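>>> Please work out how this folds:
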Amino acid sequence: MLAAADERAGIIGHMRIALHHLSVDELITLFEDPDDLSIYAGKDFDNPHRVLMDESGPLCWRVPQVEADPTVNIWFVRWIVLPSTREIIGSSSFHGPPDPSGMVEIGLGIHPKFQRQGYGHEALAAMWSWAIDQPKVETLRYTVSPTNVASVKLVESFEFTRVGEQMDEIDGPEDIYEMSADDFRAR
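From the prediction side, this is the model:
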């Protein structure tokens, strides 16, 4: 069951990283049987750090979404791959397609071995650059715990504006940062 949107998702390259999109089938397999290595067959990378294998991260939310509507998968999980070593070092995913106001929210996870080396910045820049070229995207959003100093500095490095706060059912209090797609294009 390969959605047509999967074919449009492709690979996003940015400086030192490549963001490889997971198909609907790969996403479901990774969630249901994380040790099924068939999802890496024919790929030019592997997953030695077991990203999204030992902890499913966003998969518990994204899989039901794609099971209900496979066309939304274009917005979902991408492996963050280092082409130089052919290894997955993290993942990124929007929370869904643009909402009725045109807002898309993103999530990011970098394996601890690769944190604080600029890979998160590159992944966000690449994902947001891709998103602003998609229909209906008006606002980019990033939410983060105010105690996560590294992530706060990361989003602030893009000059996003703190627009409020929310209580996340799992992560607790979060600050909400946003930037318009037009402002992101202009930077």
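>>> Residue ranges in this structure under the pLDDT threshold?
Regions of the chain meeting the criterion pLDDT under 70 cover residues 1-9.
>>> Okay, helices next: where are they in it?
Using DSSP state H, the helices of the chain run over residues 4-9, 24-32, 59-68, 119-131, 149-157, 181-186.
>>> closest one to residue 139 among those helices?
Closest approach to residue 139 among the helices of the chain (C-beta to C-beta): helix 181-186, 6.6 Å. In this view, the C-beta of every residue, glycine as well, is placed from N, C-alpha and C.
>>> does residue 140 really touch residue 98, like I thought?
No: using C-beta atoms under 8 Å, residue 140 makes no contact with residue 98, being 10.3 Å away.
>>> Among these two, which residue is more densely surrounded?
Of the pair residue 140 and residue 98, residue 140 is the one with more neighbours under other C-beta atoms under 10 Å, namely 26 against 19.
>>> Counting neighbours, what do you get for residue 68?
Counted with other C-beta under 10 Å, residues neighbouring residue 68 total 8.
>>> ditto for residue 71
13.
>>> How about residue 91?
26.
>>> do the one 4 residues further on as well
The criterion is other C-beta under 10 Å. On that basis, residue 95 has 18 neighbouring residues.
>>> Return the distance of it relative to residue 119.
21 Å (C-beta to C-beta, to the nearest Å).
>>> For the helices of the chain, give me TSV that also has distance to residue 82.
Shown next, in TSV, are those (distance: least, C-beta to C-beta, whole Å):
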stretch	distance to residue 82
helix 4-9	20
helix 24-32	19
helix 59-68	22
helix 119-131	8
helix 149-157	18
helix 181-186	25
